[in-house]
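1. Task: produce atomic coordinates for the following.
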Amino acid sequence: MTTPDRPGLVSLPLPQFGPPAEAAGGCGAGCGCGDAHDVYDLDPLECGLDPDLAELLAAAGLDPVQVEDVAHLAIEEDLDQGVDVTTVATVPEDAVAVGDFTARQAGTVAGLRVAEAVLSVVCTAEFEVERHVEDGDRVAAGQKLLTVRSLTRDLLTAERSALNLLCRLSGIATATRAWADVLEGTGTQVRDTRKTTPGLRALEKYAVRCGGGVNHRMSLSDAALVKDNHVIAAGGVAQAFKLVREEFPDVAIEVEVDTLPQVREVLEAGADLILLDNFTPEQTAQAVAAVAGRAVLESSGRLTLDTARAYAETGVDYLAVGALTHSAPILDIGLDLRAEE
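-> Residues are numbered from 1 along each chain as shown. Predicted coordinates for the structure are as follows:
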């Protein structure tokens, strides 16, 4: 909600929980949702986080309850059932501060609303935020991303957990943006994998989207991906495809191949998508010609920013890059306290 006496600021009230806090549910300790949402007939968007913030998360394709879970886990890990001893000892209980989340280096930002969720979990009174940029925006070094006014103790206690998530997600978005820029003007898109941090997959794949990439399957149940070990277990690439199709007729099936003859084999079997593993650009061009649009083609292995354009110019549909999530460095972002103007 907009704060009338402070144009441009948003006031985020404390969550108002219905059932007792002891009945912790899926939103983390203190949420008060109980063992099941239907016991209390609560809408997930009204559970724990400020409804406006929850709506923003949902509009971005994130589950607000899951984001709140992550926020609770991060804070509980940092406090370890205690308190922020340095902050409690040095900061008066009623002190108020203004803090700027500021980019220390240029990049693409992602996770601003996730950082707000951490603040929402920590803050013991209403806090105000001024949003200077949005997820997916390119930012310069020194640029303010988010300004927060809250009790100083709360802001300092939330600082590291909020920054850990914001820096991590912005690093992924920045790495993805570099690939998307290289591929601009071609019909090829960069795509992530399941090589994600346990518990953070939805957030990390969201960061890929913020950087201009697209998502592969979210889980093992979304789609089938027949890889070399499945082929060995099934007795052949075509046989593996056949078994998956028979067992799950409505699931999209991607098949990993290592050679051009295998491309023709799985194409004749009816594969929806073919993963070209460790093909050179020249071999990829041959595969594109052989398939002639009858299946979607994805390249993996041997891919670098330096070679990405060469692969894209073969006409392949996707480049699968696990490094987007498993090796992206953080984007350096800091929190600077300042006096109110």
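
2. where along the stretch 1-150 of the chain do the helices fall?
-> Along the stretch 1-150 of the chain, the segments classed as helices by DSSP state H, counting those that start in this stretch run 37-40, 51-59, 64-79, 85-90, 112-122.

3. tell me what the second one is packed against?
-> With contacts defined as 3 or more CB pairs under 8 Å, 6 or more residues apart in numbering; DSSP states H and E, the secondary structure elements packing on helix 51-59 are strand 10-12, helix 64-79, helix 112-122. Every residue, glycine included, has its C-beta placed from N, CA and C.

4. List the buried residues of the second one.
-> Of all the residues in helix 64-79, those buried under the rule 16 or more other CB atoms under 10 Å are Pro64, Val65, Gln66, Val67, Glu68, Asp69, Val70, Ala71, His72, Ala74, Ile75, Asp78.

5. relative to helix 51-59, how tilted is it?
-> Here helix 64-79 points in a direction 110 degrees away from that of helix 51-59 (axes from the mean of the first three to the mean of the last three CA atoms, to 10 degrees).

6. re the thing from before, ok, the buried residues of helix 64-79 vs Gln105, which is closest?
-> Checking the buried residues of helix 64-79 against Gln105 by CB to CB gives Ala74 as the nearest, at 22.8 Å.

7. what's the burial count for the closest residue to that closest one other than its chain neighbours?
-> In space, Ala74 comes closest to Ser161 once its chain neighbours are excluded; the distance is 3.9 Å by CB to CB, 6 or more residues apart in numbering. For Ser161, the count of nearby residues is 24 (other CB atoms under 10 Å).

8. What of Gln81?
-> Burial of Gln81, expressed as a neighbour count using other CB under 10 Å, amounts to 5.

9. With Arg131 instead?
-> Arg131 has 16 neighbouring residues, counting by other CB under 10 Å.

10. so how far is Pro249 from the residue nearest to it when sequence neighbours are not counted?
-> For Arg131, ignoring the flanking residues on the chain, the nearest one in space by CB to CB, 6+ apart is Leu146 at 6.0 Å. With distances defined as CB to CB, to the nearest Å, the gap from Leu146 to Pro249 amounts to 47 Å.

11. what's the burial count for the residue nearest to Arg131?
-> One way to gauge burial is a neighbour count; for Leu146, by other CB under 10 Å, it gives 23.

12. Quick check: it touching Glu128?
-> No: in this structure Leu146 lies outside contact range of Glu128 using CB atoms under 8 Å: 11.0 Å.

13. Just grab the bridge partners of Val214 for me.
-> Beta-bridge pairing of Val214, defined through DSSP bridges, involves Arg191.

14. give me the number of residues near it?
-> By other CB under 10 Å, the residues close to Val214 number 14.

15. Now do the contacts for it.
-> The contact partners of Val214, taken as CB atoms under 8 Å, 6 or more residues apart in numbering, are Gln189, Val190, Arg191, Asp192, Val208, Tyr318.

16. repeat for Ala115
-> In this structure, Ala115 makes contact with Phe101, Leu146, Ala162, Leu163, Leu165, Leu166, judged by CB under 8 Å, 6+ apart.

17. By neighbours, which of the residues you listed wins?
-> The most neighbours of any of the contacts of Ala115, using other CB under 10 Å, belong to Ala162, which has 30 neighbours.

18. so who does that residue touch?
-> Contacts of Ala162 (CB under 8 Å, 6+ apart): Phe101, Val114, Ala115, Val118, Leu119, Leu335.

19. Give me the residue ranges of this structure where confidence is low.
-> 1-47, 341 (pLDDT under 70).

20. show me where it has strands.
-> Under the criterion DSSP state E, the chain contains strands at 10-12, 96-103, 107-108, 127-131, 138-139, 144-151, 189-191, 224-226, 253-257, 273-277, 296-300, 318-320, 333-338.

21. I'd like those strands written out as a markdown table, with distance to Lys242 added.
-> Compiled in a markdown table, the strands of the chain are given as follows (distance: least, CB to CB, whole Å):
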| stretch | distance to Lys242 |
| --- | --- |
| strand 10-12 | 54 |
| strand 96-103 | 51 |
| strand 107-108 | 42 |
| strand 127-131 | 52 |
| strand 138-139 | 47 |
| strand 144-151 | 51 |
| strand 189-191 | 26 |
| strand 224-226 | 10 |
| strand 253-257 | 10 |
| strand 273-277 | 15 |
| strand 296-300 | 19 |
| strand 318-320 | 24 |
| strand 333-338 | 50 |
